[in-house]
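Visitor: could you look at this predicted model? Sequence included:
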2 protein chains.
Amino acid sequence: MESSFTIVAEPNRRAILGLLLSSERSVGELERELRLSQPSVSKHLRVLREAGFVEARGDAQRRLYRLRPEPLMELDEWLAPFRRYWSKHLDALERHLDRMDRKTTTKPRKRHGKK
Amino acid sequence: MESSFTIVAEPNRRAILGLLLSSERSVGELERELRLSQPSVSKHLRVLREAGFVEARGDAQRRLYRLRPEPLMELDEWLAPFRRYWSKHLDALERHLDRMDRKTTTKPRKRHGKK
DNA sequence: ATCCTTTATTACTTGCCGGTTATATACGTG
DNA sequence: CACGTATATAACCGGCAAGTAATAAAGGAT
């Protein structure tokens, strides 16, 4: 079996998962939204399905794919110890949060503690 | 540049990161603990370094590698919307937590809500 | 300067993965 | 039934990434 990490390493597969986040989709929809060939989409979906990331439900000749949470949870669990790690290294964390902040806000920065 | 996902897709690379979690290590130490060839370790470290996962500090002829949090945070951020997703699908979440629980506990399960 | 240790780099090979084309299968419609 | 649509599968190809062997480079000890 394939590791969940290698599955998600593929950009188009991540894109598919991202789309399924909002609602289930047919192969054709994914094909159009991602501008991929149909066989390519089917192939990725097969990989995702066999790895448990998605499941299919047949609607006539279409097949509607939807997310399944487990494998992504697995990834999340692997990350957990690292989260604990960097929550101790506060300085780096702050720099990071600062960057995040700067990205999403237009208002002037609230200069932080030091100085 | 390489996506953080593809970097972490490699099992040995994950292993390296896992080890660095507890303390910084030299190439030779990683080599022994992971039973990998020296060039292989150096190569992985190069990839990890160029992607910002680790940084090196020279101690004489040795080089001590330690973790850097940013790229892993990036992964974590990608996962965020999915975390939100599955926290709404409580049933699957519960089944999952149940499994987790079962893994780490020896005491009898507390059968949950439905029946 | 020579030697030893530790790490980096190069050149090469090989296996795998994703894309494409072509074909098959499933299902509905006339 | 024949036909159109939607999806899956097969066969093939090209590229890339990881391992290895050999060599270089850096630093310390004598």
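Guide: Thanks, I have the structure now.
Visitor: can you count the residues close to A:Leu72?
Guide: 22 (other C-beta atoms under 10 Å in any protein chain shown). Glycine gets a C-beta too; all of them are placed from N, C-alpha and C.
Visitor: how about the secondary structure of it?
Guide: Using DSSP: H, G, I helix; E, B strand; the rest coil, the structure places A:Leu72 in helix.
Visitor: where does pLDDT dip in chain A?
Guide: Along chain A, segments meeting pLDDT under 70 span A:90-93, A:95, A:103-115.
Visitor: just the helices in chain A please.
Guide: A:4-8, A:11-20, A:27-34, A:38-50, A:70-88, A:90-104 (DSSP state H).
Visitor: single out the most deeply packed of those helices.
Guide: helix A:4-8 (a mean of 21; mean count of other C-beta atoms under 10 Å in any protein chain shown).
Visitor: distance of A:Glu74 relative to B:His96?
Guide: As judged by C-beta to C-beta, to the nearest Å, A:Glu74 and B:His96 stand 9 Å apart.
Visitor: and if you look at A:Glu24?
Guide: The spacing between A:Glu24 and B:His96, counted by C-beta to C-beta, is 20 Å.
Visitor: same check on A:Trp78?
Guide: For A:Trp78 relative to B:His96 (C-beta to C-beta), the value is 15 Å.
Visitor: what of A:Glu10?
Guide: Distance, A:Glu10 to B:His96, using C-beta to C-beta: 24 Å.
Visitor: would you enumerate the residues in contact with A:Phe5?
Guide: A:75, A:78, B:5, B:8-9, B:14 (C-beta atoms under 8 Å, 6 or more residues apart in numbering or on different chains).
Visitor: and DNA strand C, which of the residues you listed contact it?
Guide: When contact is defined as C-beta under 7 Å from any atom of the strand, those do not meet DNA strand C at all.
Visitor: closest one of the residues you listed to DNA strand D?
Guide: Distance to DNA strand D, by C-beta to the nearest atom of the strand, is smallest for B:Ala9 among those, at 6.5 Å.
Visitor: what's the neighbour count on that closest one?
Guide: Quick note: B:Ala9 (other C-beta under 10 Å) scores 18 neighbours.
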